[in-house]
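Trainee: A predicted structure for the sequence below; I have some questions about it.
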Amino acid sequence: MKSWPGYGTPAYGHPAMLASDADRDHAAEVLKSGFATGRLTKDEYDDYLHRLYTARTYGDLVHVTRQLPGGGMALFAPPAPARTNSLAVASLACGAAEFVTFGLTAIPAVILGYMARAQIRRTGEAGSGLALAGLFLGWLAIVIFVLFIAVGTLAVVRTGHAVFNPNSVQHPVPAPPG
């Protein structure tokens, strides 16, 4: 089984493989885009559309759409992977750096994480898990810091202010001679 250059998988690589209705619909979208952008006249569009819906193989679909962007060999190319959101990467980096910076990067990790999640929802980029991990690490460091301060304050309050009051320091009384 000979494959087309760059498309070695049998599912998309053989021009004699029979095309499905979904493949024809995808190719029709390429033709519609070509007509909408002025690359095809109405007569050409109608002729190509007829040829497309009577096409039986991948090779036929490629032949009908080869002169249009997104057509030809690109018609059956696997989609490009989604780009990873850079703010999500930065959020995770700040979250991981907390261990080295003693929590100084916790707040930037949280802020970047929320910004990244908003961008990801808007743009459809990848990196939601990275943003979530950065948020988790950031909030974890903030909670640990707050607990540390609370426990330290409670310890000072329970022992009294003797530690901070220089007048409360008791001087040893010398023992009587003898």
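Mentor: Nice, I can see it.
Trainee: Lowest average confidence across helices and strands of the chain, where is it?
Mentor: Here the helix or strand of the chain ranked lowest by mean pLDDT, DSSP states H and E is helix 10-13, holding a mean of 48.
Trainee: For the spatially closest residue to residue 144 that is not a sequence neighbour, give me the pLDDT.
Mentor: Take residue 144 and drop its neighbours on the chain: the residue closest to it by C-beta to C-beta, 6 or more residues apart in numbering is residue 103, 7.4 Å away. To be clear about C-beta, it is placed using only N, CA and C from the backbone, and glycine gets the same treatment. In this model, residue 103 is scored at 89, pLDDT.
Trainee: And residue 103, how far from residue 149?
Mentor: Distance, residue 103 to residue 149, by C-beta to C-beta, to the nearest Å: 11 Å.
Trainee: circling back: and the residue nearest to residue 144, what does it touch?
Mentor: By C-beta atoms under 8 Å, 6 or more residues apart in numbering, the residues touching residue 103 are 141-142, 144-145.
Trainee: where along the chain do the helices fall?
Mentor: 10-13, 21-36, 42-53, 58-65, 86-101, 106-123, 128-159 (DSSP state H).
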